[in-house]
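> Here is my input; please provide its structure:
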Amino acid sequence: KIMEARLEGAAARLRPVLFELVMEYLGENNKIVVVTWRLKECEKLHDAIERKLKEVKTWWAHGDSSAERRAEIQEEYMSHPGPCVLVGTMQSWGECVPEDTLILGANKAIGSYDTGDLVFGAMGPGRVKGKKIKRHDGKLVEVRATGLLPIQATANHPILVMEGRNVRTKGHSRHLELSEPKWKPAGELRVWRPDPTKPESAAGDFLLVPRKPAQMFSISSFDLRRYVPTAIGRGVRLARGAPDAVPLNKDTAWLMGLYAAEGSSWADSGGWRAAFSLSEKEVAVVARVQTILRGVGINSRVEHMTKYHAVNVRLYSTPMALMLRELMGAGCHGKKIPTEILYHKDLSIVEAFVAGYIEGDGNVKGHVVQAATVSHVLALQLQLAMARLGRLCCVSRHIPNSVGTIRGRPVKSGPIYQLRWRTHDKWHVRHRVFPDYIAVPVKLTHEVEFHGNVVDIETTDHTFLVSNAVVHNSINLQDTDVAICGMLPFTPGDVEQYE
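Next up is the predicted model:
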């Protein structure tokens, strides 16, 4: 009580200072954010500003405010032209994830993102508008949901969910009823854990994997000329009748999927080369690869490797090799799906790419498809691709204990991402497929100790994906003219804001 009284006294002395600063900086169309320390002070300061500046739009929120209300305020504040004032605590706008969290788009850790980088959100491809970094020493919430890799975030980070519950219908049957999508803090997520003795009482939250992007591509070919740097080189290719572009159709999409699984590229004295490494038993696959390459004007040759019971289909075209390397990545850990294919308007292109990948690195047993990759990016992208096709691709991470071999060479593997989905669902699956999302139940939430930097990015649609679940970005000072920090205590450098 003594400490609370002292804090109340300090806050009362600080309030007029903050108020005077707001009045000083609130010029024409200025947008001001005031960050306070105590929850009680947040509302009091807001009320004082609102009484004095009735013509100026004001908002307030703190960590106990609902995620839906905070998300609503964020949208209003970011879209407001000014003048306006937003008052809140760091807990209300400080939602972040660890700086090493992989975010799809530019396909790198969130701490490495910069303004203008490509980022995937609920509406598909977007752009980063700003980034915020701060130090966090304390607890993070780890969320595990069916089929998704674990998610770690600060407790107040809003995650898009549907609230589910079992509803009894006629007779003794029950069905799962899900709410409309809503924002919910990570720390308030409820585990979906049906009680076998009281199944009608089951209730919990479902995370959402996006299916229907607002922005899609309709690209019909990839230009090879951009991989020929000189006019002389382009003239030589023209004289030889070499192709200027590779059409994007179901055959070439299948070929690119196969390359993501079994392809490699390298430079030699004659330029860049690429190859598909296949088993000697895959005669039909070898023939199809050569047929497709021949159809787009690319020469290839089959190289038998009897010792390893394998064959390499080599293609001798520097532009084609560079195109495959750029679009599908270099090295097994760098493999990926091109954004132009992942978000292509024609779903048959997406389906053909996945089929090519499964031809190389997957296996099909009945209605179950399984695959494995060491590329974290590719695993998450395949999950998104299958979501677009209406299937839940379950991804799990496995670290092998033993050292493997590839063509006689010892290889120490890092994490392996295992993928699994069904071509036909069983009747008792717990996830649900909707036109815009796949809803997957939360299996576990728990707190983990964390000491390090946490990061938030502002994006064009105010969302991004963590383990392919839709999360909201927090407020970003990129939309702010003046930021006033009235926290007690406050250490300069606790929060860094980047353009």
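> Regarding residue 298, what is its secondary structure?
coil (DSSP: H, G, I helix; E, B strand; the rest coil).
> which element is the residue lying closest to residue 179 once chain neighbours are set aside on?
Nearest in space to residue 179, with sequence neighbours left out and distances taken as CB to CB, 6 or more residues apart in numbering, is residue 163 at 4.3 Å. All C-beta atoms are positioned from the backbone trio N, CA, C, and that covers glycine. Using DSSP states H and E, residue 163 maps to strand 158-168.
> Next: residue 258.
helix 250-262.
> could I have that helix exported to PDB, CA atoms only?
C-alpha atoms of helix 250-262 as PDB (Å, rounded to 0.1, in the frame of the first residue of the first chain):
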ATOM      1  CA  LYS A 250       0.800 -27.200 -65.400                       C
ATOM      2  CA  ASP A 251       3.800 -29.000 -66.900                       C
ATOM      3  CA  THR A 252       6.400 -26.300 -66.100                       C
ATOM      4  CA  ALA A 253       4.800 -25.800 -62.600                       C
ATOM      5  CA  TRP A 254       5.200 -29.600 -62.100                       C
ATOM      6  CA  LEU A 255       8.900 -29.300 -63.300                       C
ATOM      7  CA  MET A 256       9.500 -26.500 -60.800                       C
ATOM      8  CA  GLY A 257       8.000 -28.400 -58.000                       C
ATOM      9  CA  LEU A 258      10.300 -31.400 -58.800                       C
ATOM     10  CA  TYR A 259      13.200 -29.000 -58.900                       C
ATOM     11  CA  ALA A 260      12.300 -27.800 -55.400                       C
ATOM     12  CA  ALA A 261      12.600 -31.400 -54.300                       C
ATOM     13  CA  GLU A 262      15.400 -32.800 -56.400                       C
END
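> Kindly state the beta-bridge partners for the closest residue to residue 396 other than its chain neighbours.
Leaving out its chain neighbours, the residue that sits closest to residue 396 by CB to CB, 6+ apart is residue 418, at 5.0 Å. As for beta bridges, residue 418 partners with residue 372, residue 396 under DSSP bridges.
> now residue 59
With DSSP bridges as the rule, residue 59 is bridged to residue 86.
> Let me know how buried it is, in neighbour terms.
For residue 59, the neighbour count with other CB atoms under 10 Å is 20.
> Can you list the residue ranges for strands in the stretch 101-250 of the chain?
Counting by DSSP state E, counting those that start in this stretch, residue ranges of the strands within the stretch 101-250 of the chain are 102-103, 108-109, 118-121, 124-145, 151-153, 158-168, 174-178, 182-185, 203-210, 221-223, 245-247.
> I'd like those written out as JSON lines, with mean pLDDT, distance to residue 255 and mean neighbour count added.
Conversion of the strands of the stretch 101-250 of the chain to JSON lines gives the following (pLDDT from 0 to 100; distance: least, CB to CB, whole Å; neighbours: other CB atoms under 10 Å):
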{"stretch": "strand 102-103", "mean pLDDT": "97", "distance to residue 255": "27", "mean neighbour count": "22"}
{"stretch": "strand 108-109", "mean pLDDT": "97", "distance to residue 255": "27", "mean neighbour count": "15"}
{"stretch": "strand 118-121", "mean pLDDT": "96", "distance to residue 255": "24", "mean neighbour count": "23"}
{"stretch": "strand 124-145", "mean pLDDT": "90", "distance to residue 255": "24", "mean neighbour count": "19"}
{"stretch": "strand 151-153", "mean pLDDT": "96", "distance to residue 255": "34", "mean neighbour count": "23"}
{"stretch": "strand 158-168", "mean pLDDT": "86", "distance to residue 255": "36", "mean neighbour count": "20"}
{"stretch": "strand 174-178", "mean pLDDT": "81", "distance to residue 255": "39", "mean neighbour count": "14"}
{"stretch": "strand 182-185", "mean pLDDT": "88", "distance to residue 255": "41", "mean neighbour count": "20"}
{"stretch": "strand 203-210", "mean pLDDT": "94", "distance to residue 255": "27", "mean neighbour count": "24"}
{"stretch": "strand 221-223", "mean pLDDT": "95", "distance to residue 255": "12", "mean neighbour count": "16"}
{"stretch": "strand 245-247", "mean pLDDT": "95", "distance to residue 255": "9", "mean neighbour count": "17"}
